[in-house]
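Chemist: Mind folding the following:
(2 chains)
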Amino acid sequence: MNTRTKRILFILTAVVVIALPLQQLHIIKFRSLKGVVAEQPIPTLTYEHWKNQRFQQGVERHLQNHYGFREPLTRLYNQTQWDLFHYSNLKNKGIYISDDQWYYEAMSVEEYYQGNAHRYSKDAIDMAKQFDTEALMLYQIQHILEAYGTHLFVLLLPGKEAIYPEHLPENTKYFREKEITAYDYYGKKFSEMGVNYIDVGQWFLQMKDTADFPLFPQTGTHWSNLAAMYVADSLVRYMEALGHVNLLNFSIGEKYVQTVDPDNDLEQLMNLIRPLKTAPNYFAKTEVIEDPTAKRPVLITIGDSFYWNILNHTPFKEIFGATPYWYYNSTVYFEEPYHNTSELDLVKEVLDADFVMLAYSTTQLYKMSNGFSTRLLPRLCYDDEELRQIKTDLVENIKQNKAWLAALQRRAEEYQIPLDTTVVHEAEYVVTHSPHIFLPALKDSIPTRRSSAVMQYLKEQQKE
Amino acid sequence: MVFSSNVFLLYFMPGFFLLYFLLPRKARNYALLFASLLFYAWGAPDFLIQLVVSTIANFYLVKAMVAAKETENGIRKTENSPFSKILCGLSIAIPIGLLVFYKYANFFTENLFWLLGRLGYSQFSVLRSPFSKILLPIGISFFSFQSVTYTLDTYRGVNQPMKKLSDYMLYITMFPQLIAGPIVRYCDVADQIRHRESGYADRLQGFYRFVIGLCKKILIADVIGMEVDAILGPANLSAISAERLATLTERIAMLDSTTAWMVALAYTFQIYFDFAGYSDMAIGLGRIMGFKFPENFNNPYVSKSITEFWRRWHITLGAFIKNYLYLPLGGNRKGKARTYLNLWICFLLSGLWHGASWNFVVWGALHGLFICLDKVFNGKRRTENGKLSVLRSPFSVLLTFLFVTVTWMVFRIEKLDLAWTFIGRMFAFQFAPLPFSLNPRFYVTLLLAAIFSFITLTKAGRKLQDWVYNHAFTDRQHIFVWILSVAAFLFCIAALNASRFSPFIYFRF
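Modeler: Numbering: from 1, shown residues only, chains lettered A, B, ... in the order given. So this is what the prediction gives:
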């Protein structure tokens, strides 16, 4: 036998195994994988971290997302699993894939069929109470702001399963015991109370059979870009009517098959080598219709990821003077560097805007507004100092209430937090979640009390 | 650190072998020892010092034991002196004592205090608390036994003791077999530690063997194991089918017989491919360095009897128990009844060695019982006919496999009552259609596992196995097998990580 061949093979083996860690330096560039993984930094190498395995586990986790040739190897593995077994990791990660290759997000399906929003509350009654409070606050904010020329409205966005339930796979039958969903509940409540809202779900169901494009892509979870365009077009008209203002309109051109940045977000997460053979995704060019008389108002949007399709694929940025997007009422996507909503002068920002839109889809409705209303409403009616005093008084009340204090004592011990801190947290929570009990001015149907921040803003406006 | 981890595959293994082969021969054992201690310290830093100290103590105890056997003028006695016997006992007591303490203290005290509680002495239960906090150091079951073989092989004069402490420490801590075997007897490896050769053919064959093991573990055992865990593991809230949200008791109670059998079969293949895969990797790593570790598995599921199964399953444990427990107990030299008792004791202890829990004891006891029955009935037939008839062979294989499959469920399900319920579901004969469409990957992998497990029942299968494991490849064959091995190696790394790759949906933003 020729030792030379074996020597060469041995050296090549060494090259292969050493190339893997070396490629961590990205010597060769590959098409990056789609999706975001929660990066966790490797804990510092200390004796304690070594002893309790945190360091070792951190290194293993880090390597999992950073090993050499990860991109091509992951795609190769995923493609093999898909071709051989029709197997995808997505199936184990909260995604339903039907036999006819329609993809659904499990969380959304469960919410649609079972009204799972109540799992975030104590029970269905508690959920309804929270939703009622939220709806009432939005109603009150809407009316307060209207007096100052800011129009608030809600955009209720359906999940894919609500529009295309016919493709849902068999194993979702466990969830088909319909209860009231957050979507239906809010729709009904807003209608009763007179909160401005648009039910996109109803509109989509009417459109579904006549539209010559999918409202939701076959292998995506968000609405299609084209559907978002049509909704955006209607939104402009809705805002024109709501604000009695003439806005720029836009036209939607001929649809064409979308090859760049398609809608199939779930399919992209599968990270395959070849795209799946599914129904095409469509796109269309939009064009703003010139109108010198049109105004370009400010639109603040608070919402979830569905809104990106409007912001990125429609001419909203041209139609409006400014379109700050308060993503989950947290990061403000407008001008870089992006900052957090907590850094904003909330009252001023809202009063400066002409329209405030809350755009929420099925899965996120359980936390509608993400605390926007609980933060804004008290500040429209009370000064910060007054709010602090109310909380301080409540802290004292809790300390006087033996049963309440005992309960907090147990909680403090359980979570190993000092009792004083627990009491302050409790006071803040209670005031935030039950503002109508602790802030008397909010008991009016439409509160008349105004904070000095509002009054100051109005004064400045008058001066200008 | 385990072989099927990124740290091992991407850093430890390449780094170690690069260093090992670049160093001069004399320094290689030191490099291996250092790497082995690092390997252990990575997974069990708390126990490293105890491992090192107990190993050093044992080395000097054995040295003193051998010295006690010497006469004043330096001529070795044929009989061991009482002092050397004491030292031998002490040398065995250290590793076995540590094993008993770390592995069984909690189990024994739990049962003791349970018994005391039943007898009305529940006030003593407060004393149990410190024992319940004892953590089991990884690999202790394996390196304790290796330490025992060193003492006894030296005591019996089978081998000379190691001259260098570092060589002895290397024997005990060598990373390829440190945490999951094979249990390498001192007499099998003593000479190789002092001197060994590894040509390019060995290194390549070692790599191929390592990759075979990696494939067994990652592509078969882990894939099948996912479905086993879905039924027998903790409640999986993210899983799709609603049954998986139930507790283990509820899940087992609602199983139909088809699913119960599928789970049992899946676990049967999972445990084999998992353990045999690890052994293959250990043997392969050893071979790259020139070590010839003993085989640990030899197609156990083609066995025609339980006796044969134990000759093919975890061979090195079987050899250890035979040489260091069964034979010292008297083996088969003290009459039939005593032989059966010895066998049963061995299997009972073998069961307990696998884990400190009653299900392992029962599992060992069942195997011990059936091995005795096998001796009683099949032994007679073999004596009469010389060997089992051709017609009876497939039936014997099936029967043995069924017994092994059923008893694996006692091994897998820790709570005995649940294990019996599970077995009850298997034999409830309430069959339902296979939910094939739910997971074809599982069924295909299960089928492949079955084919690989039984392939040596055919002549072609035996030839293929012989070709893969024992054939001296030509250059062309080496090139072919090398390409396959490298592809499989990379694919395994992809599988290891891709199966855990869990990106969020809202990636666009």
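Chemist: residue contacts, the closest residue to residue B:457 other than its chain neighbours?
Modeler: Excluding the flanking residues, the one nearest residue B:457 by Cβ to Cβ, 6 or more residues apart in numbering or on different chains is residue B:302, at 5.3 Å. The C-beta positions use only the backbone N, C-alpha and C, and glycine is treated the same way. Residues near residue B:302 by Cβ atoms under 8 Å, 6 or more residues apart in numbering or on different chains: B:312, B:397, B:453-454, B:456-457.
Chemist: Of the residues you listed, which belong to helices?
Modeler: Using DSSP state H, the members of the contacts of residue B:302 that fall in helices are B:312, B:397, B:453-454.
Chemist: tell me the average confidence for the longest helix seen in chain B?
Modeler: The longest helix of chain B (DSSP H) is helix B:257-289. For helix B:257-289, mean pLDDT rounds to 92.
Chemist: likewise stretch B:494-509?
Modeler: For stretch B:494-509, the per-residue pLDDT averages 61.
Chemist: Going by proximity to chain A, name the top residue of the stretch 301-450 of chain B.
Modeler: residue B:441 (3.6 Å; Cβ to the nearest Cβ).
Chemist: nearest to residue A:355, of the ones in helices among the contacts of residue B:302?
Modeler: Within these, proximity to residue A:355 (Cβ to Cβ) peaks at residue B:453, which comes in at 67.7 Å.
Chemist: Which stretches in the stretch 151-300 of chain A count as helices?
Modeler: A:160-163, A:182-193, A:200-207, A:225-243, A:265-269 (DSSP state H, counting those that start in this stretch).
Chemist: three-state assignment of the closest residue in space to residue A:370 that isn't next to it in sequence?
Modeler: Nearest-residue entry for residue A:370: residue A:329, 3.6 Å, with adjacent residues in sequence omitted and distances by Cβ to Cβ, 6+ apart. Of the three states, residue A:329 takes coil under DSSP: H, G, I helix; E, B strand; the rest coil.
Chemist: Which helix runs longest in chain A?
Modeler: Longest helix of chain A, by residue count under DSSP H: helix A:124-146.
Chemist: Tell me the gap between that one and the middle of its chain.
Modeler: 19 Å (Cα atoms, centre = their mean, to the nearest Å).
Chemist: tell me what that helix is packed against?
Modeler: Judged by 3 or more Cβ pairs under 8 Å, 6 or more residues apart in numbering or on different chains; DSSP states H and E, the packing partners of helix A:124-146 are strand A:151-157, helix A:182-193, helix A:372-381, helix A:435-438.
Chemist: Please tabulate the ones you listed in TSV, including the columns distance to residue A:252 and mean neighbour count.
Modeler: Formatted as TSV, those follow (distance: least, Cβ to Cβ, whole Å; neighbours: other Cβ atoms under 10 Å in any protein chain shown):
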stretch	distance to residue A:252	mean neighbour count
strand A:151-157	19	24
helix A:182-193	26	18
helix A:372-381	31	22
helix A:435-438	42	18
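Chemist: pLDDT weak spots in chain A?
Modeler: For chain A, the stretches with pLDDT under 70 are A:1-2, A:92-93, A:114-123, A:173-179, A:260-261, A:464.
Chemist: and what of chain B?
Modeler: Using pLDDT under 70, the flagged stretches of chain B are B:70-80, B:122-134, B:234-246, B:378-392, B:435-438, B:500-509.
Chemist: Apply 50 and report the result again.
Modeler: Applying pLDDT under 50 to chain B flags the ranges B:72-73, B:237-244, B:383, B:386, B:389-391, B:503, B:505-509.
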